[in-house]
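Chemist: how does the following fold in three dimensions:
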Amino acid sequence: MEIDNATGFMWEDWDSAQKFRLDTLEYVQYCLGLSDTDQKVPEPKNSIIRAFNVIGFAIRDACTRSMF
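Modeler: This next block holds a predicted model:
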């Protein structure tokens, strides 16, 4: 992983790693339908984050908010 692996490109860049974490949380919440706002979240540039949409949307469509 980019953050936790010494060979990752964010290993020594705290600011980039923190942005990656925040972008990940925001996008996961969006995909699951858990964000506090209905604001459209732009598709992340990072392919690792973006890959969550398939499973995230499937979970959102199969579950209700009360199930989370």
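Chemist: check contacts around the residue positioned nearest the centre of the chain.
Modeler: Central residue of the chain (C-alpha atoms, centre = their mean): residue 24, 2.6 Å from the mean position. Applying C-beta atoms under 8 Å, 6 or more residues apart in numbering, we find residue 24 in contact with 49, 52. (C-beta placed from N, C-alpha, C; glycine too.)
Chemist: which SSE is it in?
Modeler: helix 14-32 (DSSP states H and E).
Chemist: tell me which residues in that helix are buried?
Modeler: Across helix 14-32, burial judged by 16 or more other C-beta atoms under 10 Å covers 17, 20, 23, 24, 27, 28, 30, 31, 32.
Chemist: distance check, the residue nearest to the centre of the chain against residue 64.
Modeler: Residue 24 is 24 Å from residue 64, where distance means C-beta to C-beta, to the nearest Å.
Chemist: and what of residue 36?
Modeler: Per C-beta to C-beta, residue 36 is found 17 Å from residue 64.
Chemist: okay, now the unreliable bits of the chain?
Modeler: Within the chain, the ranges that satisfy pLDDT under 70 run 1-11, 37-39, 68.
Chemist: one more time with 80, if that's ok
Modeler: 1-14, 35-42, 64-68 (pLDDT under 80).
Chemist: now the helix or strand harbouring residue 59: buried residues?
Modeler: Assigned by DSSP H and E, residue 59 belongs to helix 52-62. By 16+ other C-beta under 10 Å, the buried positions in helix 52-62 come out as 52, 56, 60.
Chemist: gap between the residue nearest to the centre of the chain and residue 66?
Modeler: Look at residue 24 and residue 66: by C-beta to C-beta, they are 24 Å apart.
Chemist: residue 54 too?
Modeler: On the measure of C-beta to C-beta, residue 54 and residue 66 end up 23 Å apart.
Chemist: and the helix holding residue 59, how far out from the chain middle?
Modeler: Centroid separation for helix 52-62 versus its chain: 12 Å, with C-alpha atoms, centre = their mean, to the nearest Å.
Chemist: thank you, goodbye.
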